[in-house]
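>>> dropping a prediction and its sequence here:
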Amino acid sequence: MAKNIDDFEDEEMDESAEALFADESEGTANQVRDYSDRCILIWEEDDARREACLEVLTDLLVGASIKAVKTEAEAQNLLENEDWDTFVVDFYTEGVSESEFIKNANNYPGAILVAINMGPLTLAEEREPARTELLRRLFDVERANTQIHA
């Protein structure tokens, strides 16, 4: 039976959502993982968003080698001259989804492409256990030629 919206309380939703996430990630949110074998390239033109994404991912993916660049040319140069297993972009940025870099990243052997909306990304929010676990899962998938969206 559907709940009457007029009777809805924010606290009730928060508790039920918290219980759902607690059950799902119990014992894993505080688990330390080693990402020292990961090489991640972030392409984001906006300086503040790029720095926020770099900070969040560096904090979240302990040991990973992460580079962040501003331009598609820089990203393309690194893609061609270094080894990567993950590419991180924001498809909400105009022109990114049809860029030459994305075409090449999609065809990069054994790598994954993770699309994150970097606009609301902040370290404080990403430190919440439920949110941290959801973001981390994007980077814990088997490496294959696949796109992952958050």
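Yep, it's here.
>>> can you map out the helices along the chain?
For the chain, applying DSSP state H gives helices covering 10-25, 47-60, 72-81, 100-106, 123-126, 129-137.
>>> where does this protein dip in pLDDT?
For the chain, the stretches with pLDDT under 70 are 1-32, 120-127, 141-150.
>>> contact partners for Leu78?
The neighbourhood of Leu78, defined by CB atoms under 8 Å, 6 or more residues apart in numbering, consists of Leu41, Lys67, Val69, Trp84. Using the backbone N, CA and C atoms, a C-beta is placed for each residue, glycine as well.
>>> just flag the most distant two among those.
Val69 and Trp84 (11.8 Å; CB to CB).
>>> list residues touching both of those two?
By CB under 8 Å, 6+ apart, the residues touching both Val69 and Trp84 are Leu41, Leu78.
>>> what's the closest non-adjacent residue to Asn117?
Leaving out its chain neighbours, the residue that sits closest to Asn117 by CB to CB, 6 or more residues apart in numbering is Tyr92, at 5.6 Å.
>>> count of neighbours near the one you found?
12 (other CB atoms under 10 Å).
>>> ok, Arg38 next?
18.
>>> now it. Nearest residue, chain neighbours left out?
Ala64 (4.1 Å).
>>> again with Glu74
Trp43 (7.7 Å).
>>> on that earlier part again, most surrounded residue in the contacts of Leu78?
Most surrounded of the contacts of Leu78: other CB under 10 Å gives Leu41, at 24 neighbours.
>>> on that earlier part again, how many other residues sit next to the residue nearest to Glu74?
So Trp43, with other CB under 10 Å, has 27 neighbours.
>>> ok, Ile66 next?
By other CB under 10 Å, 18 other residues sit near Ile66.
>>> what's the answer for Pro129, then?
Neighbours of Pro129 (other CB under 10 Å): 15.
>>> so Gly110 touches Asp85, yeah?
Yes. Assessed by CB atoms under 8 Å, Gly110 is found in contact with Asp85 at 6.6 Å.
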